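> could you work out the structure for the sequence below:
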Amino acid sequence: MIGLAMLAAAVVTPAVAQKPAATADYDFEYTYPAQAARIAPLKSWLEADKAKRRAWVVRTSAQARREAKAAGAPFRAYEMQLGWDVVTETPRFLSLSSASYSDTGGAHGNGSSGGLIWDKWAGRRMNAVSLFVSPAAFQSAVMTPWCRWMRAERTRRVGADAGNDTTFGQCPPAKDVTVLLGSSNGRALNRIGVIADQYVVGSYVEGPYEHTLPVTQAVLRAVKPEYRAAFAVR
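Here you go, the predicted structure:
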């Protein structure tokens, strides 16, 4: 789902079979891979997340239908899809990415990305940036080179005037992007993918900006000491 194929080792990730839910008000689908389903606390979190998202769709789509009927306006069923995939699995970590799409009756639907890390040794779910000394350290080691790529890529997509854009094109903070940790060998984390969804650094028509960087010595120094053994320079 996430177009960062170079992040992953060769891992087969069949999704857990789940019947999509569809009514006159909405279509809803939520899937996650077998590797995640085998970890009981992670599966519980995913199931709770699925239930929360579905409840929101049920509630808001029913309200929208009532409002459309009262206004004599047409109603288009809501749509929400979210799927989790394995980016990589190493002896310590399971790295997951998510891709979602929602259509709630606006001019167009919207997609978004997400990610998480499961620490198998500690038995807990983590945000990828939390493996680093601080958000500032991550920003310096990872986002600075990523943003150099982003600016060049925006110029390629938008044209020479991209540098004069006062609305978009700014280097985003780590909290505004999706960070995915990947591996080329399944032994150590040696790749970092960063995805800026639509509207984060560019307009809707520009699409998401996604780029993979290697783990370097500078990146390794920014990782918390207790996690450095799980990374490798590439």
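
> who's in contact with the residue nearest the centre of the chain?
Residue closest to the mean C-alpha point of the chain, counted by Cα atoms, centre = their mean, is residue 114 at 1.9 Å. Residue 114 is in contact with 97-100, 178, counting by Cβ atoms under 8 Å, 6 or more residues apart in numbering. C-beta here means a position set from N, CA and C on the backbone, and glycine is covered the same way.

> what separation is there between it and residue 130?
15 Å (Cβ to Cβ, to the nearest Å).

> ok, now residue 37?
Distance, residue 37 to residue 130, using Cβ to Cβ: 24 Å.

> next: residue 180.
Counting by Cβ to Cβ, the gap from residue 180 to residue 130 is 14 Å.

> who has more neighbours out of these two?
A direct count of neighbours by other Cβ atoms under 10 Å for residue 180 and residue 130 places residue 180 higher, at 28 against 14.

> thinking again about what came up before, give the bridge partners for the residue nearest to the centre of the chain, please.
Counting by DSSP bridges, residue 114 is bridged to residue 98.

> how close does it sit to residue 149?
Here the criterion is Cβ to Cβ. By it, residue 114 lies 21 Å from residue 149.

> report the buried residues of the one helix or strand residue 43 maps to.
Residue 43 belongs to helix 40-71 when elements are defined using DSSP states H and E. By neighbour count on 16 or more other Cβ atoms under 10 Å, the buried set for helix 40-71 is 42, 45-46, 50, 53-54, 57-58, 60-61, 64-65.

> next one: stretch 67-87
75, 77-87.

> now tabulate the residues you listed in a markdown table and tack on distance to residue 199.
A markdown table is the format used below for these (distance: Cβ to Cβ, whole Å):
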| residue | distance to residue 199 |
| --- | --- |
| 75 | 26 |
| 77 | 24 |
| 78 | 20 |
| 79 | 19 |
| 80 | 19 |
| 81 | 19 |
| 82 | 19 |
| 83 | 21 |
| 84 | 23 |
| 85 | 23 |
| 86 | 27 |
| 87 | 24 |
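
> wait, which of those residues is closest to residue 170?
Set against residue 170, the nearest of those by Cβ to Cβ is residue 87 (26.7 Å).

> buried ones in stretch 90-105?
Here stretch 90-105 shows 90, 92-100, 102-105 as buried, counting by 16+ other Cβ under 10 Å.

> quick one: which of those is nearest residue 228?
Of all the buried residues of stretch 90-105, residue 92 has the smallest distance to residue 228: 11.5 Å, by Cβ to Cβ.

> in a helix, residue 142, correct?
Yes: counting by DSSP: H, G, I helix; E, B strand; the rest coil, residue 142 is part of a helix.

> thanks a lot, catch you later.
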